[in-house]
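Participant: for reference, the sequence and a predicted model appear below.
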Amino acid sequence: MTMNSDPAGPRDERPVDPTQPGVEHFDAGITHVDESYAAGAAKGILYSIIETLGTLVGGPDLPSHTSSGYEDMIETAQELRAKIEQ
(Lines give C-alpha, C1' and ligand atoms only; values in the text may rest on other atoms or scores of the structure.)
Protein backbone atom coordinates (compact mmCIF):
# COMPACT_ATOMS: atom_id res chain seq x y z
CA MET A 1 0.00 0.00 0.00
CA THR A 2 1.36 3.43 -0.89
CA MET A 3 0.67 6.65 0.94
CA ASN A 4 -1.34 9.29 -0.88
CA SER A 5 0.12 12.72 -0.22
CA ASP A 6 -2.78 14.43 -2.01
CA PRO A 7 -5.75 14.69 0.42
CA ALA A 8 -8.12 15.32 -2.51
CA GLY A 9 -6.93 12.20 -4.32
CA PRO A 10 -8.45 8.72 -4.21
CA ARG A 11 -8.73 6.96 -0.86
CA ASP A 12 -7.97 3.38 0.01
CA GLU A 13 -11.41 1.74 -0.27
CA ARG A 14 -10.57 -1.70 1.11
CA PRO A 15 -13.47 -3.55 2.73
CA VAL A 16 -13.69 -3.49 6.53
CA ASP A 17 -12.42 -6.68 8.18
CA PRO A 18 -15.28 -8.00 10.40
CA THR A 19 -12.78 -9.80 12.67
CA GLN A 20 -11.19 -6.49 13.73
CA PRO A 21 -12.71 -4.49 16.60
CA GLY A 22 -14.91 -1.60 15.57
CA VAL A 23 -14.71 2.06 16.40
CA GLU A 24 -16.87 1.61 19.50
CA HIS A 25 -14.19 -0.65 21.05
CA PHE A 26 -11.51 1.92 20.32
CA ASP A 27 -13.61 4.69 21.88
CA ALA A 28 -14.30 2.57 24.99
CA GLY A 29 -10.59 1.85 25.37
CA ILE A 30 -9.62 5.51 25.05
CA THR A 31 -12.32 6.53 27.54
CA HIS A 32 -11.12 3.92 30.05
CA VAL A 33 -7.49 5.01 29.77
CA ASP A 34 -8.48 8.67 29.92
CA GLU A 35 -10.51 8.16 33.10
CA SER A 36 -7.83 6.00 34.73
CA TYR A 37 -4.98 8.39 34.11
CA ALA A 38 -7.04 11.50 34.84
CA ALA A 39 -7.87 10.32 38.36
CA GLY A 40 -4.25 9.40 39.03
CA ALA A 41 -2.99 12.70 37.69
CA ALA A 42 -5.53 14.64 39.76
CA LYS A 43 -4.47 12.77 42.91
CA GLY A 44 -0.83 13.56 42.22
CA ILE A 45 -1.50 17.22 41.59
CA LEU A 46 -3.61 17.55 44.74
CA TYR A 47 -0.94 15.77 46.78
CA SER A 48 1.67 18.25 45.53
CA ILE A 49 -0.59 21.22 46.25
CA ILE A 50 -1.33 19.99 49.79
CA GLU A 51 2.36 19.40 50.50
CA THR A 52 3.38 22.79 49.10
CA LEU A 53 0.69 24.66 51.02
CA GLY A 54 1.61 22.75 54.18
CA THR A 55 5.20 23.93 53.80
CA LEU A 56 4.07 27.52 53.28
CA VAL A 57 1.78 27.46 56.31
CA GLY A 58 4.64 26.21 58.48
CA GLY A 59 6.89 29.11 57.46
CA PRO A 60 7.72 31.43 60.41
CA ASP A 61 7.78 34.57 58.24
CA LEU A 62 4.24 34.09 56.88
CA PRO A 63 1.70 36.67 58.14
CA SER A 64 -1.20 35.12 60.07
CA HIS A 65 -3.90 36.35 57.65
CA THR A 66 -2.05 34.70 54.76
CA SER A 67 -1.54 31.53 56.76
CA SER A 68 -5.28 31.18 57.42
CA GLY A 69 -5.98 31.57 53.69
CA TYR A 70 -3.50 28.81 52.89
CA GLU A 71 -5.06 26.60 55.57
CA ASP A 72 -8.45 27.07 53.90
CA MET A 73 -6.93 26.07 50.54
CA ILE A 74 -5.39 22.96 52.14
CA GLU A 75 -8.79 21.97 53.51
CA THR A 76 -10.42 22.45 50.09
CA ALA A 77 -7.68 20.40 48.38
CA GLN A 78 -8.11 17.61 50.95
CA GLU A 79 -11.86 17.57 50.32
CA LEU A 80 -11.25 17.29 46.58
CA ARG A 81 -8.78 14.45 47.14
CA ALA A 82 -11.35 12.60 49.27
CA LYS A 83 -13.95 12.95 46.48
CA ILE A 84 -11.52 11.61 43.87
CA GLU A 85 -10.54 8.63 46.01
CA GLN A 86 -14.16 7.49 46.45
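Facilitator: Cool, got the structure.

Participant: contacts for the helix or strand harbouring residue 80?
Facilitator: Element membership for residue 80 (DSSP states H and E) is helix 64-85. With contact meaning Cβ atoms under 8 Å, 6 or more residues apart in numbering, helix 64-85 is reached by 39, 42-43, 46-47, 49-50, 53-54, 56-57, 62. Yep, even glycine has a C-beta here, placed from its N, CA and C like the rest.

Participant: filter those residues down to the buried ones.
Facilitator: Among the contacts of helix 64-85, those buried by neighbour count (16 or more other Cβ atoms under 10 Å) are 46, 49-50, 53, 57.

Participant: can I get those residues in JSON lines including secondary structure and pLDDT?
Facilitator: Formatted as JSON lines, these follow (DSSP: H, G, I helix; E, B strand; the rest coil; pLDDT from 0 to 100):
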{"residue": "46", "secondary structure": "helix", "pLDDT": "87"}
{"residue": "49", "secondary structure": "helix", "pLDDT": "87"}
{"residue": "50", "secondary structure": "helix", "pLDDT": "87"}
{"residue": "53", "secondary structure": "helix", "pLDDT": "86"}
{"residue": "57", "secondary structure": "helix", "pLDDT": "82"}
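
Participant: could you report the neighbour count for residue 77?
Facilitator: 20 (other Cβ atoms under 10 Å).

Participant: pLDDT score for it?
Facilitator: Here, the pLDDT recorded for residue 77 equals 88.

Participant: with residue 35 instead?
Facilitator: Reported pLDDT for residue 35: 66.

Participant: same check, this time on residue 10
Facilitator: The score at residue 10 is 59. That number is its pLDDT.

Participant: please renumber the chain so that the first residue is 832 from this point on.
Facilitator: Fine by me, first position is 832 from now on; the one you just mentioned is residue 841.
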